[in-house]
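Peer 1: Sequence plus the predicted model coming up.
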Amino acid sequence: MESMNQPTSIGYDQSRRKRKKKQPSPPPSQSSVQIWRSEKQQQIYSTNIIQSLRELRINAVADQSPSLPPRGGGIAVRDAAYRSLAVTARGRTLWSRAILSKAVKVKLKFRKQNRPRNSNPPPPTITGNNRLRKKRATVLRLKAKGLPAVQSKVKLLSRLIPGCRKQPLPVILEETTDYIVAMEMQIRALNAIISAVGSGSSAAEAGDDGEETHMLG
């Protein structure tokens, strides 16, 4: 009986192995590239950035008071664009989580700045620990200059991509690929929004000119 059941079990195992070979899992970098280049992802980002700009405009109107200083418009729009991009990524990558955490820190810092402060804060004191830190920083800089060219470029790349400091090379390359494709999608979405706003304003101006000429006639 055991000899009769053994060939069937071997054939079943071989069929399972063939099925696994026929359905290979796609690499994560390739799937992320396809997601960011899809129209659905661009529509999601467009909705998020429009909502962020509306909230930014409402907050700017609400903050127009003599007690609060005006915030920079261009910097606020840029931060809203990057924050919307990170929200669209849903925190799946290191760079998106880093941007979202930075946005939370900026909000807390802005709230602390608006709090009343003492008129005469104490002057900063220079201690021995601060001098040691400065010496260590200069030594680290000298060591960094002695690194090979490839390592220095990888280190520079890790600083350019948010959340990639002190990460291994495979993680940095994967995050860089995802970040670049996401930035390309951001540019396409913003260009589409700008062209849509420009066409709407030109159509409104054309309608106003038509009414004026009709009135003059």
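Peer 2: Good, I have the coordinates.

Peer 1: Quick check: Arg83 vs Gln151, distance?
Peer 2: Using Cβ to Cβ, to the nearest Å, Arg83 is found at 32 Å from Gln151. From N, CA and C alone the C-beta is placed, and that goes for glycine too.

Peer 1: Let's verify Arg165: helix, strand, or coil?
Peer 2: coil (DSSP: H, G, I helix; E, B strand; the rest coil).

Peer 1: residue ranges with poor pLDDT in this structure?
Peer 2: 1-30, 60-73, 107-147, 201-217 (pLDDT under 70).

Peer 1: how about 90 then?
Peer 2: Low-confidence segments of the chain, defined by pLDDT under 90: 1-32, 55-77, 102-152, 196-217.

Peer 1: That one: helices as residue ranges?
Peer 2: Secondary structure of the chain (DSSP state H): helices located at 2-22, 28-36, 39-62, 73-89, 94-114, 128-145, 149-160, 169-216.

Peer 1: if we can go back for a sec, so between Arg83 and Gln151, which is more surrounded?
Peer 2: Counted by other Cβ atoms under 10 Å, Arg83 and Gln151 do not tie: Arg83 has more neighbours, with 19 against 12.

Peer 1: Can you tell me how far that one is from Glu184?
Peer 2: Distance from Arg83 to Glu184, by Cβ to Cβ: 18 Å.

Peer 1: If we ignore the residues flanking it in sequence, what's nearest Ile44?
Peer 2: Leaving aside its chain neighbours, Ile44 sits nearest to Thr88 (5.4 Å; criterion: Cβ to Cβ, 6 or more residues apart in numbering).
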